[in-house]
Every structure is written in C-alpha cells, then in structure tokens.
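sequence? don't have it. structure:
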C-alpha cells in the first residue's frame, strides 16, 4: 500500500522554537507538497518541490522553509514558531503528471504553538 | 493564477436525501485536472475522483456522480440517497500545468439520521 508518512500526529511547541515537520513517501514520487489547513480557509500551499534540492514557494511561504535532500523526504521548517502557525499540516506527493489516483496525502500533523 | 470556489460552506440533510456540492474553478491552462476529496472526522484526505480538461463525460460511481461543464467552469458532485457515513468535509481541487494542487475552502456536509 502506497504511503505518505508524517512523523508526528500531534505536536506542541513553544513560541520561538525551531520546529521540524517530517514527511516521507515510499512511491518514488518526484513532486512533494506541504499544505496547512485552517477552518474556513481550506488547504493552502506553503511550499512544493519537483525534485531533490529543488523547492518553490507556494501561496503562503512566509515564516516557513523546506528541505529536500533525498527524494523520499520533504521537511517543513518553522524557523521561529509563532502562535499563528498553530494549524494542521498536510504533506502530499505525486508523480510528475498526476495520474488517476492524483495526489497522496499523509495523515497530517496537528501543531499547537503555545 | 488558479482559483477554486466552493460557495457553500455547510450543508445539512436528512438521510436518503440527494445533495449536490458545487465547485467553480478558474484557470488559464488549457490542460488541467479537477479533483474531489473527502475528509472524514479522522482527518485523512480521501481521493474520490480526478477528471482532465478534455474529458467532459459525467461519471457515476455508486451513489456518487460528478457533472463537469467547461462552459460554466463547474465540476459539481452529487450524492444520491445520502447516508450518515457521508458526513465529512468535501474539497474540490484543481491542478494545472505546474502540478500545483489548489483547493477550495471545503464544504461541511452533515447527514442526519
């Protein structure tokens, strides 16, 4: 069964901490994505990557950075966590051209910044 | 720029009613893909359907059906004879030439017994 795995389901961090959210996929997909989901706002794209060491800003990149050193792993980094980054974070992967099954999503990480 | 509009925010129906979830999209790409996802209370996004811009055939899968109309830039989703298990948040999404997946804000569907 193909999978996108996010390392933590729930996370609580303090304001100002550096936070790493990890995502691993086992499908050899080229594309990987980070979204955040907030009530009433849907899913908004933070960053995406088409290949190892490549990254592009999404719609709301401010306050975030990413790292993709290996094809299967895409990390989202909050350099200095703030309370307005409390949210559900979803990772996804896809082949270069979305196939019949489209994008595969992880289960999400619910991050609370206190 | 891509945009997906789901004007309905919350819908509540009684079991066995039919319900239609609306989706309107905007894109400048000639080749694009439209998706519907379901997010049950457990939180995981479940893929329901993908259509490409060249295939306007409607699709039916059990109680689910989708109506794609390029002329009105709409991709609506109908659940026939709704069930309590259909209660979830439903997202319409659009992917264009750059593979970015843009979501609508979602529709919360509640099906009451």
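Cool, the structure landed. The structure displayed is predicted, hence computed values, not measured ones.

mind checking pLDDT for the residue of chain B positioned farthest from its centre?
Relative to the centre of chain B, the most outlying C-alpha is that of residue B:113, 22.9 Å out, by C-alpha atoms, centre = their mean. pLDDT for residue B:113: 95.

my guess is it contacts residue B:84, does it?
Yes. Residue B:113 is within contact range of residue B:84, at 5.6 Å (criterion: C-beta atoms under 8 Å). Quick note: C-beta positions are derived from backbone N, CA and C, even for glycine.

shared neighbours of those two, which are they?
Both residue B:113 and residue B:84 are in contact with residue B:15, where contact means C-beta atoms under 8 Å, 6 or more residues apart in numbering or on different chains.

In chain A, what helix or strand scores lowest on average pLDDT?
One helix or strand of chain A scores below all others by mean pLDDT, DSSP states H and E: strand A:104-105, with a mean of 90.

tell me which parts of chain B are close to chain A?
Contact residues (C-beta under 8 Å from any C-beta of the partner chain) of chain B with chain A: B:6, B:9, B:33, B:35, B:43-45, B:47, B:50, B:91, B:95, B:99-106.

if you set the cut-off to 6 Å instead, what comes out?
Selection of chain B residues close to chain A by C-beta under 6 Å from any C-beta of the partner chain yields B:33, B:35, B:43-45, B:47, B:50, B:95, B:99, B:101, B:103-106.

Which among these count as buried?
B:33, B:35, B:45, B:47, B:50, B:95, B:99, B:101, B:103-106 (16 or more other C-beta atoms under 10 Å in any protein chain shown).

Which of the residues you listed fall in strands?
Among those, DSSP state E puts B:33, B:35, B:47, B:50, B:95, B:101, B:103 in strands.

any idea which element the most centrally placed residue in chain A lies in?
Closest to where the C-alpha atoms of chain A average out (C-alpha atoms, centre = their mean) is residue A:34, at 2.8 Å. Under the criterion of DSSP states H and E, residue A:34 resides in strand A:31-38.

Give me the buried positions along that strand.
A:31-37.

which residues are contacting the following helix or strand past that strand?
Downstream of strand A:31-38, the next assigned helix or strand under DSSP H and E is strand A:42-49. Applying C-beta atoms under 6 Å, 6 or more residues apart in numbering or on different chains, the contact partners of strand A:42-49 are A:32-37, A:55-56, A:58-61, A:64, A:66, A:68, A:74, B:103-106.

Strand A:42-49: which residues count as buried?
Under 16+ other C-beta under 10 Å, the buried positions of strand A:42-49 are A:42-49.

quick one: the strands in chain B?
Going by DSSP E, chain B shows strands at B:3-5, B:10-14, B:19-21, B:24-26, B:33-39, B:46-52, B:59-61, B:64-69, B:74-79, B:88-95, B:101-103, B:107-112.

how about stretch B:25-41: buried residues?
B:25, B:27, B:32-39.

cool, and stretch B:62-78?
B:64-68, B:73-78.

neighbouring contacts of it?
Under the contact criterion C-beta under 6 Å, 6+ apart, stretch B:62-78 has outside partners B:20-25, B:34, B:36, B:49, B:51, B:56, B:58-59, B:79-81.

now, among these, which is nearest to chain A?
Comparing the contacts of stretch B:62-78 against chain A with C-beta to the nearest C-beta places residue B:49 closest, at 8.7 Å.
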